[in-house]
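> Need coordinates for the following:
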Amino acid sequence: MDIRRAEASEAEALSAIARASKAHWPYAPEQIEAWHDDLTLSAELITAHPTFVALVDGVVAGFHQLLAGQDTWVLEHLWVLPSYMGKGMGRALLQQATDFARRHGAQYIGIDADPHAEAFYAACGAQTVERKAAPIDGAPERARPQMILRVKE
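Numbering: from 1, shown residues only. Prediction:
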């Protein structure tokens, strides 16, 4: 696996990865469609924010995007194609994001996590600091974990 800076021309492919990754979880197709805009990257966003892709045999199989801040940066996206989940790609992308943010002065990365991803981020050292109500059809009690990952030693 190689990780490199994303190219603006990859916006459509990255958006497809985000949607496929989100659809891996038990959400109704209608809900995935409702999140369409949130799961869409533009060439402008890729150019404006640190965005990196993970490649396997030259094929983009995952990516992350950071929003720069002062002490705290935000992990805006971290998505892996379902066929690569559980193989270390998400962890490698998160480590690359952490290293990048650290080199650029961040002390923390904030993560607005999907409830299904909380255990992954916790296993990588992130701590849940609160929960944000995020009800959807069929899950009125759904809440998104708001997590923080320390990147400075």
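
> quick one: what helix or strand has the residue positioned nearest the centre of the chain in it?
In the chain, the residue lying closest to the centroid (C-alpha atoms, centre = their mean) is Leu78, at 1.8 Å. Leu78 belongs to strand 72-80 when assigned by DSSP states H and E.

> I'd like the next helix or strand past that strand.
The first helix or strand that comes after strand 72-80 along the chain, using DSSP H and E, is helix 89-103.

> Please report how far the residue nearest to Tyr108 when sequence neighbours are not counted lies from Ala106.
The shortest distance from Tyr108 to any non-neighbouring residue, by C-beta to C-beta, 6 or more residues apart in numbering, is to Thr72 (4.4 Å). Where C-beta positions appear, they are placed from N, C-alpha and C, glycine not excepted. Remark: distance between Thr72 and Ala106 (C-beta to C-beta, to the nearest Å) = 7 Å.

> The host helix or strand of Glu33: which residues count as buried?
Per DSSP H and E, Glu33 falls inside helix 29-34. Within helix 29-34, the residues that qualify as buried are Gln31, counting by 16 or more other C-beta atoms under 10 Å.

> pLDDT averaged over that helix, what's the number?
Averaging pLDDT along helix 29-34 yields 96.

> Then stretch 1-19?
Per-residue scores along stretch 1-19 average to 97.

> what do you get for stretch 43-51?
98.

> Against which helices or strands is the helix or strand containing Ala20 packed?
For Ala20, the host element (DSSP H and E) is helix 11-23. When contacts are defined as 3 or more C-beta pairs under 8 Å, 6 or more residues apart in numbering; DSSP states H and E, helix 11-23 packs onto helix 29-34, helix 43-48, strand 59-67, strand 72-80.

> With distance to Ala18 as added columns, please give the ones you listed in CSV.
Below are the helices and strands packed on helix 11-23 laid out as CSV (distance: least, C-beta to C-beta, whole Å):
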stretch, distance to Ala18
helix 29-34, 10
helix 43-48, 12
strand 59-67, 8
strand 72-80, 4
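
> Looking at these, spot the one closest to Glu141.
Nearest to Glu141 among these is helix 29-34 (15.2 Å), distances taken as C-beta to C-beta.
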